[in-house]
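Enquirer: Need the 3D shape of this:
(4 chains)
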There are 2 protein chains.
Amino acid sequence: MRDEWTVFSAKCPSRHSLARIANKWTAMIVILLHARPLRFGELHRQVEGITKKVLTDTLRALERDGMVLHLTHADGHARYELTELGRTLHEPLRALQVWAESHVEEVREAQDRYDTAVDDRTLG
Amino acid sequence: MRDEWTVFSAKCPSRHSLARIANKWTAMIVILLHARPLRFGELHRQVEGITKKVLTDTLRALERDGMVLHLTHADGHARYELTELGRTLHEPLRALQVWAESHVEEVREAQDRYDTAVDDRTLG
DNA sequence: ACGCGCGGTTACTTCAACGTCACCACAAAG
DNA sequence: CTTTGTGGTGACGTTGAAGTAACCGCGCGT
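Expert: Reported below is the predicted structural model:
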């Protein structure tokens, strides 16, 4: 491998990490787990639209990459929680959420402009 | 739509924005374009492993969402560049790159631990 | 005039993500 | 001891994202 070990080189391991964290499900799960450990069903309800399968797959992937732990608590229930490593992800991912929510209008307007421009071109 | 207008509600438009920006190709393109406007071929060479099709698709999507412009410069060549809106994305996405590149080792170790733990379980 | 590289587009294929549904172990409630 | 809810797993099908390859108009060099 050459010196520059960046996400821009296809085979650099950081490319895999980037793909894992630059992902909407990862972002939502990490943000929720940052507040407190959650049970499977709690996550499933809070992340609207995710299926049980995708939720389990994502949680397993996050466990494998060392961002999430699955631990049985004192009350006998298992909960998912962030590892040290996972905690360091919260700030950057939370920034994405903030961006997405605070620029909704600008994005919608841009889409409208783009779509009517395309319509004008195709319809003459 | 109810009051809470967050990425966690499936039909909130911010969910679409989150999906667009929480994406490895988006991240790489925005980071590169932040330095300076680039031509198609320059982007294609710098984002290793991306195909022309995926690159065009991603650029069109970013144009539509108001993050990127496609402008012909004084030298007669068209270049892609960030809009005002697109510039505001650089910092959060750059943070993802930094994270990915600086935690390569920790992630690799976690994967090793996870995989050997799974092996131990399945192989007895 | 001719080939060549650039910046795509298009048609078709492949593959990974995701959805659906059935099922299961376990625990608590009735 | 049946029923209900939780927390999954696994098989299977579908969709959408991405890969492949061929092609094309344009400008540039020769």
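Enquirer: For DNA strand C, what's the nearest residue on chain A?
Expert: Using Cβ to the nearest atom of the strand, residue A:51 is the residue of chain A that sits closest to DNA strand C, at 3.6 Å. Where you see a C-beta, it was placed from the backbone N, CA and C, and this is true even at glycine.
Enquirer: what about that residue, how many neighbours?
Expert: Residue neighbour count, defined by other Cβ atoms under 10 Å in any protein chain shown, stands at 9 for residue A:51.
Enquirer: Give me the pLDDT for it.
Expert: In this model, residue A:51 is scored at 97, pLDDT.
Enquirer: Would you verify that residue A:79 is located in a strand?
Expert: Yes - in this structure, residue A:79 lies within a strand as judged by DSSP: H, G, I helix; E, B strand; the rest coil.
Enquirer: For burial, what's the neighbour tally of it?
Expert: Applying the criterion other Cβ under 10 Å, we find 18 residues in the vicinity of residue A:79.
Enquirer: quick one, what contacts it?
Expert: A:37-39, A:70-73 (Cβ atoms under 8 Å, 6 or more residues apart in numbering or on different chains).
Enquirer: With adjacent residues omitted, what lies nearest to residue A:91?
Expert: residue B:95 (7.5 Å; Cβ to Cβ, 6 or more residues apart in numbering or on different chains).
Enquirer: and that neighbour, how far is that from residue A:90?
Expert: 11 Å (Cβ to Cβ, to the nearest Å).
Enquirer: tally of neighbours for residue A:74?
Expert: Neighbour tally, residue A:74, other Cβ under 10 Å: 5.
Enquirer: Now it: phi and psi?
Expert: The phi and psi torsions at residue A:74 (degrees, to the nearest 10) take the values phi -60, psi -30.
Enquirer: how about it, what does it touch?
Expert: With contacts defined as Cβ under 8 Å, 6+ apart, residue A:74 has no neighbours.
Enquirer: tell me the helices in chain A, going along the chain?
Expert: A:13-21, A:24-35, A:40-46, A:52-64, A:84-102, A:104-123 (DSSP state H).
Enquirer: possible to save those as a markdown table with mean neighbour count?
Expert: Formatted as a markdown table, the entries for these read as follows, by neighbours: other Cβ atoms under 10 Å in any protein chain shown:
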| stretch | mean neighbour count |
| --- | --- |
| helix A:13-21 | 21 |
| helix A:24-35 | 21 |
| helix A:40-46 | 15 |
| helix A:52-64 | 16 |
| helix A:84-102 | 19 |
| helix A:104-123 | 12 |
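Enquirer: count of residues packed around residue A:23?
Expert: 21.
Enquirer: Output the set of residues of chain A in proximity to DNA strand C.
Expert: Residues of chain A that fall close to DNA strand C, judged by Cβ under 7 Å from any atom of the strand: A:25, A:49-54, A:57-58, A:76.
Enquirer: so which of the residues you listed also contact DNA strand D?
Expert: Of those, the ones that also sit near DNA strand D (Cβ under 7 Å from any atom of the strand) are A:52-53.
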